[in-house]
Each structure stands twice: as C-alpha cells, then as structure tokens.
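J.: here are the coordinates; sequence isn't available:
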C-alpha cells in the first residue's frame, strides 16, 4: 500500500532535506577550512545584534560546536610566567566568557590561556540593554555589559574538575 502525502507534507520534507543537506555540506566546508563558508557563518552572526551573537558564540563553544585549532603547538611560543606554563602568549581576556561556560572550547581553538569573569560574589544583572555595540567601519565592538554575573558559587561549580 502506498502512502499519500499532502502538498504541505511534501514541501516540509523537501525543505527538511534541503536544510539537512546544506547544513552537512556547510559543516564539511568549515571543517576543511573553506574561507567562503567561514565568511558566510560570520555574516549570519553579524545579522544578529551584538549581545545575541556573543551569547551564540559562547553557547557553541560551551557545547563543543567548534573545530579544534589545527596549528601545531610550537615549543618556542610557550611562556612560563609566575610558575605557570602557557602554551602560547595569546589569551582571551575576561569579559568574553563571563560565566566560565566555554573555557575548554576557547582552549581547544588555540588560546594559550582563558580568563573568566568578571565574577561577582552574588548574581547580578549588569547594565541595562542594549549594552553591546558594533562599530562596523572600525571593525570594533563596544562592550558595556557591566558586571553581569551568575555569582562566584555558580561559576566555581562549573569550573571544578
């Protein structure tokens, strides 16, 4: 017996397969380091407001949705400072991962160190929105988050090994 699909079901199947196929192709291109695909992903993120794009990046890095850095770790880039050995001197400053959600992801994509925070004793909201502004002509961002934080206990629990 043959199943009959309505026109709506056929369109939904067609669109679903298109999204699945396009997404798979996009992931392969990103994995292979295709510059055009990377630029396409960046343009999608730039269509979001600054704070939403930031949250999307932290969310993806926190859930393993990224490609590990492929560059070899070169010994001459290692830095020994205050008795701590860093893989390289390029780190990400506090303010990007304010709640310690993406530490491993940031390390995996190649940062030599990751700062978390600012972390406050108790949870607090920070400045009112909007608080992230793009300066496209300068290729810059103004961050006025303030001290939004989930509080030190939540961040400590997330970072404990």
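T.: Arrived safely, thanks for sending. Keep in mind the model is a prediction, meaning the values are calculated, not measured. Residues are numbered from 1 along each chain as shown.
J.: which secondary structure element contains residue 134?
T.: Assessed by DSSP states H and E, residue 134 sits inside strand 132-135.
J.: adjacent strands (with direction) for the next helix-or-strand element following that strand?
T.: Scanning forward in sequence from strand 132-135 by DSSP H and E, the next helix or strand is strand 140-143. If you go by DSSP bridges, strand 140-143 pairs up with strand 132-135 (antiparallel).
J.: which residue packs closest to the residue nearest to the spatial centre of the chain, ignoring adjacent ones?
T.: Closest residue to the average C-alpha location of the chain: residue 57 at 2.3 Å, with Cα atoms, centre = their mean. Setting aside the residues directly before and after it, residue 57 is nearest to residue 45 in space (Cβ to Cβ, 6 or more residues apart in numbering), at 7.2 Å. Where C-beta positions appear, they are placed from N, C-alpha and C, glycine not excepted.
J.: quick one: secondary structure of the one you found?
T.: Three-state assignment for residue 45 (DSSP: H, G, I helix; E, B strand; the rest coil): helix.
J.: got a list of what it touches?
T.: By Cβ atoms under 8 Å, 6 or more residues apart in numbering, residue 45 lies in contact with 53, 56, 57.
J.: thank you, goodbye.
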